[in-house]
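>>> Need coordinates for the below:
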Amino acid sequence: MSDSNTITFFFTVVVAFVVIRWFINSEPANPDAGDAGAGGADAGNAQQPQQQNRRRNLQPVAFREVTPGMIEIVQSMAPNLTVEQIRYSLESNNGNIEATVDQFLAEGTLPFPPGEQHPAAAGNLQRGATPRLADTNEASIHNVDQPKAPSLIEKYKLENKVDDNTSETEEPVKMKWSQKKEERENQLKQHREKMILRARRKFVEKETK
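Numbering: from 1, shown residues only. Modelled structure (predicted):
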């Protein structure tokens, strides 16, 4: 009996020792896991504002839609321009009519959208890149006889308003279209004159600098 009791006692001590040692070794691992989880949560929370800022930066800038009225105003000043030219310029300038008019006055024309060409240039490419000598002579004679195209000031008879300081210093006002056709035409005419005079003043100031 004493031998069996001794064996049972030693077996109990060994089992208790193993259990206690396992319990001691497993305790520090749990706080570390908790800290790691908390650290991961903090890192995730820190990344959330950065992700939100990144999404906010990727949001598109508000684009001003080009309306037929904008195209009509520019085309009334430059009837030789196509609708595609005017629309492309307005879209490039985010619907700014004055910027489009300034570009036309500075360059004498407006660029075509990518992939499109001037109708005359496209016709020349279809007929052949090298013109005939007779065509060249006819074109040169036509250019010599052709009178100089009038400026917008001359075309719309605004010579007497060029030196009018009132029309130049007025701030642009957003037009409110009338319901009557005659009043709309009058509004369009006045707005066109103001924009032409304002664009000319800017062009003269640019040349004098």
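
>>> Give me the three-state assignment for residue 79.
coil (DSSP: H, G, I helix; E, B strand; the rest coil).

>>> what's the distance between it and residue 101?
For residue 79, the distance to residue 101 equals 14 Å [CB to CB, to the nearest Å]. (Glycine included, C-beta is placed from N, CA and C.)

>>> The two: which has the busier surroundings?
residue 101 (24 against 8; other CB atoms under 10 Å).

>>> if I read this right, that one contacts residue 197, doesn't it?
No - the criterion here is CB atoms under 8 Å, and residue 101 misses it with residue 197 at 11.0 Å.

>>> so where's the protein shaky on pLDDT?
Applying pLDDT under 70 to the chain flags residues 1-3, 26-63, 117-152, 156, 163-178, 209.

>>> what's the burial count for residue 5?
9.

>>> Apologies, that question was intended for residue 183.
Neighbour tally, residue 183, other CB under 10 Å: 11.

>>> That one sits in which helix or strand?
helix 181-208 (DSSP states H and E).

>>> Buried by neighbour count: which residues of that helix qualify?
Within helix 181-208, the residues scored as buried using 16 or more other CB atoms under 10 Å are 188, 191-200, 202.

>>> gap between residue 111 and residue 86?
Applying CB to CB to residue 111 and residue 86 gives a distance of 11 Å.

>>> Make sure residue 112 is actually in contact with residue 85.
Yes - using CB under 8 Å, residue 112 is in contact with residue 85, at 5.8 Å.
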